[in-house]
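>>> Let's see this in three dimensions:
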Amino acid sequence: MTSVPVKAPIEELPTVHAVTNDEIMLRPGFLRKAMGIMRVLGDKGAIHIRSQLLDSPTLYGLTLALLELHEQTRCWCIVNDRVDIALACGVQGVQLTHKSIAVPDVQAIAPALRIGASVHSPDEARDAEQAGADWCVAGHVFETPSHPGLPRRESSFINDVVAVVSFPVIAIGGIRPEHVRSLVHRGAHGVAAIRGIWNDENPELAASRYLSQV
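Next up is the predicted model:
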C-alpha cells in the first residue's frame, strides 16, 4: 500500500481526462490500453477509474497497477466516487458525483486528496466550488449515449459554467478532438472523453489527438 501524496498544485491539473466505465474496464486488454494512454498523455493527462460493478479487491488491484505508471509518466490516477480505494492506493485525486459523500467529508478523512465534482449546471458548479472542490467536470456539452434524449448544449454551456466559478472546469459529453480548441477558448481548463478515446481502434492515438488540441 502506498502513502497518500502531498497535494499537487492545482495549476498542474491535467487537461485531458480519459474516463472509464464498467464496460470499458471489463474489456480484454484494458490494463494494457490504459497504460499506453498514460504514457501518451504524460503529465497533461489523467485516467479516471470509474466502476460500479468491479469488486473492491479487483478495483484496488487495477488502481495500484495504473498508479505504478504515475511515477514514470506523471499521468494522474483519479478514482470516481470510491474514496476508500483512492485513499488506500494513494492516487492523485477523487471524482465525486451527486451520489458520493460530500466534499467537506472527503476533506476531513483524506486531506491530501485533490477533489473533483461532477456537475450539470452553473449552479451545481458554484456549489461545488463553495464546498471546497478543486475542479469540476461539467457536462454534457454535446449529444452522448449516456444521456439519451437530451439535446446538446454546445460550448455556450461551458461559457455559463466558467462565468460563475474560479476553479478549473473540465468539459465532458460527446467531445471530439475538433471541439477541444473552441472549449478551451471559452475558458475550459481541459476536456474529458470516454468513447472518443476508448472506442477508437487505437486508443493511444486517439488520446494524442485530444492532447494536440489543448
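>>> switch to C-alpha atoms for all contacts and neighbour counts from now on
Fine.
>>> for the lengthiest helix in the chain, packing partners?
Longest helix in the chain by number of residues (criterion: DSSP state H): helix 56-73. Contact here means 3 or more Cα pairs under 8 Å, 6 or more residues apart in numbering; DSSP states H and E; on that basis helix 56-73 packs against helix 30-41, strand 76-80, helix 83-89.
>>> run the last query once more with 7 Å
Secondary-structure packing of helix 56-73 (3 or more Cα pairs under 7 Å, 6 or more residues apart in numbering; DSSP states H and E): helix 30-41.
>>> Give me the helices and strands touching the helix it packs on, please.
helix 56-73, helix 203-213.
>>> Would you mind listing the buried residues in that helix?
By 16 or more other Cα atoms under 10 Å, the buried positions in helix 30-41 come out as Leu31, Lys33, Ala34, Met35, Gly36, Ile37, Met38, Arg39, Val40, Leu41.
>>> and the angle from it to strand 76-80?
Between helix 30-41 and strand 76-80, the angle comes out at 130 degrees (axes from the mean of the first three to the mean of the last three Cα atoms, to 10 degrees).
>>> Pull the residues that contact the next helix-or-strand element following helix 30-41.
Going down the chain from helix 30-41, the next helix or strand is strand 45-49, by DSSP states H and E. Applying Cα atoms under 7 Å, 6 or more residues apart in numbering, the external contacts of strand 45-49 come out as 14-20, 38, 75-80.
>>> again, but for stretch 189-201
In contact with stretch 189-201 (Cα under 7 Å, 6+ apart) are residues 15-20, 168-172, 175-176, 180, 184, 203, 206-207, 214.
>>> could you redo the last one with a cut-off of 8 Å?
Residues outside stretch 189-201 that contact it (Cα atoms under 8 Å, 6 or more residues apart in numbering): 14-20, 24, 137, 168-176, 180, 183-184, 203-204, 206-207, 214.
>>> any idea how far the closest residue to Val19 other than its chain neighbours is from Arg186?
Excluding the flanking residues, the one nearest Val19 by Cα to Cα, 6 or more residues apart in numbering is His48, at 4.6 Å. Remark: distance between His48 and Arg186 (Cα to Cα, to the nearest Å) = 24 Å.
>>> And these two? Which one has more around it.
Taking neighbours as other Cα atoms under 10 Å, His48 and Arg186 compare with His48 leading, 23 against 17.
>>> Retrieve the pLDDT associated with that one.
Per-residue pLDDT puts His48 at 98.
>>> Same question for Ser155.
At Ser155, pLDDT is 77.
>>> Run through the residues that contact it.
Val141, Ser182, Leu183, Arg186.
>>> pull the CA atoms of stretch 119-135 into CSV?
Extracted in CSV, the C-alpha atoms of stretch 119-135 (Å, rounded to 0.1, in the frame of the first residue of the first chain):
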residue,chain,number,x,y,z
VAL,A,119,-21.8,19.0,-12.2
HIS,A,120,-24.6,19.5,-14.7
SER,A,121,-25.3,23.2,-14.3
PRO,A,122,-23.6,26.5,-13.4
ASP,A,123,-25.4,26.5,-10.0
GLU,A,124,-24.0,23.0,-9.2
ALA,A,125,-20.5,24.2,-10.2
ARG,A,126,-20.8,27.2,-7.9
ASP,A,127,-22.0,25.0,-5.1
ALA,A,128,-19.1,22.5,-5.6
GLU,A,129,-16.5,25.3,-5.5
GLN,A,130,-18.0,26.8,-2.4
ALA,A,131,-17.9,23.3,-0.8
GLY,A,132,-14.2,23.1,-1.4
ALA,A,133,-13.8,21.1,-4.6
ASP,A,134,-10.6,21.7,-6.6
TRP,A,135,-12.2,21.4,-10.0
